[in-house]
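*Asks:* Predicted model and sequence follow; I will ask about them next.
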Amino acid sequence: MTASEASDKLTPQTQALLILMSAVSYFYAFKLNLHWFDWMEFSHGTNWVFIPSGLRLLFVLILARLGGIGIALGSIGVNYTYGDVDAHLFNIVTGLISGLSPFLARYLAMRWFNFDTLLFNFTAKDLFRVSILFAVVNALLHQLWYFWMDKTPDFLSSALAMGVGDWFGTVLVLTAASLGIQLFKLIQHRQP
């Protein structure tokens, strides 16, 4: 069974709830990132540390397309809240890229690295490889779009900075998630 098949077995209400949870989490992670790391912005939409990118990958790895839809919706919300409310094409396409890029990286990782779609036997080495792949895919797609829309003057420098920021954010989020899972297992193991 694939992750998409597994999510198809969920009720429509559960699917909608997972999408909403992903969108809201992404939106508030963006606000948190603004508060903590706005001073590290390199160029439009490009930060040296970008925590929401970790949520992008985490939600898409676990929830597959439901996570991608939630990220896209959350990103569209971010774009309309913090960007130009009249730039409909830019806001929507940027949101779609935010949801599509981790989904594309997940697909490529499954094909190139032969990952199980349900992530059984997923190791730290696998996580490292997919985080690098995601950072590259996400940075290239976003920066091509930003460059085309004249939002960034230097495609290569901005793509490099975004790739680094996305990778750092991804590592921070995935490390925190991993520690949280280990703590949960430890607590459960101690209970009679």
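*Replies:* Arrived safely, thanks for sending. Numbering: from 1, shown residues only.
*Asks:* List the contacts of stretch 174-187.
*Replies:* Stretch 174-187 is contacted by residues Gly54, Leu57, Leu58, Leu127, Ser131 when judged by Cβ atoms under 8 Å, 6 or more residues apart in numbering. Bear in mind the C-beta positions are built from the backbone N, C-alpha and C, glycine included.
*Asks:* how about these in JSON lines, adding distance to Leu141?
*Replies:* Below are the contacts of stretch 174-187 laid out as JSON lines (distance: Cβ to Cβ, whole Å):
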{"residue": "Gly54", "distance to Leu141": "17"}
{"residue": "Leu57", "distance to Leu141": "14"}
{"residue": "Leu58", "distance to Leu141": "18"}
{"residue": "Leu127", "distance to Leu141": "21"}
{"residue": "Ser131", "distance to Leu141": "16"}
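*Asks:* What about the residues you listed, which are in helices?
*Replies:* For those, the ones inside helices are Gly54, Leu57, Leu58, Leu127, Ser131, with DSSP state H as the criterion.
*Asks:* most surrounded residue in these?
*Replies:* Highest neighbour count within the ones in helices among the contacts of stretch 174-187: Leu57, with 30 neighbours (other Cβ atoms under 10 Å).
*Asks:* returning to that earlier point: looking at the ones in helices among the contacts of stretch 174-187, which gets the smallest pLDDT?
*Replies:* Among those, Leu127 carries the lowest pLDDT, at 84.
*Asks:* Next, find the distance separating that one from Leu61.
*Replies:* For Leu127, the distance to Leu61 (Cβ to Cβ, to the nearest Å) stands at 9 Å.
*Asks:* Nearest to the spatial middle of the protein, which residue is it?
*Replies:* Arg56 (1.3 Å; Cα atoms, centre = their mean).
*Asks:* give me the element the nearest residue to that one once chain neighbours are set aside is part of.
*Replies:* Nearest non-adjacent residue to Arg56, counting by Cβ to Cβ, 6 or more residues apart in numbering: Pro102, 4.3 Å away. Assigned by DSSP states H and E, Pro102 falls within helix 88-112.
*Asks:* Show me where the chain has its strands.
*Replies:* For the chain, the strands defined by DSSP state E cover 41-43, 46-47.
*Asks:* rank the ones you listed by pLDDT, which is bottom?
*Replies:* When the strands of the chain are ranked by mean pLDDT, strand 41-43 comes last with a mean of 65.
*Asks:* Next up, the contacts around Tyr26.
*Replies:* Residues in contact with Tyr26 (Cβ under 8 Å, 6+ apart) are Pro52, Leu55, Arg56, Phe59, Gly70, Ile71, Gly74, Ser75, Val78.
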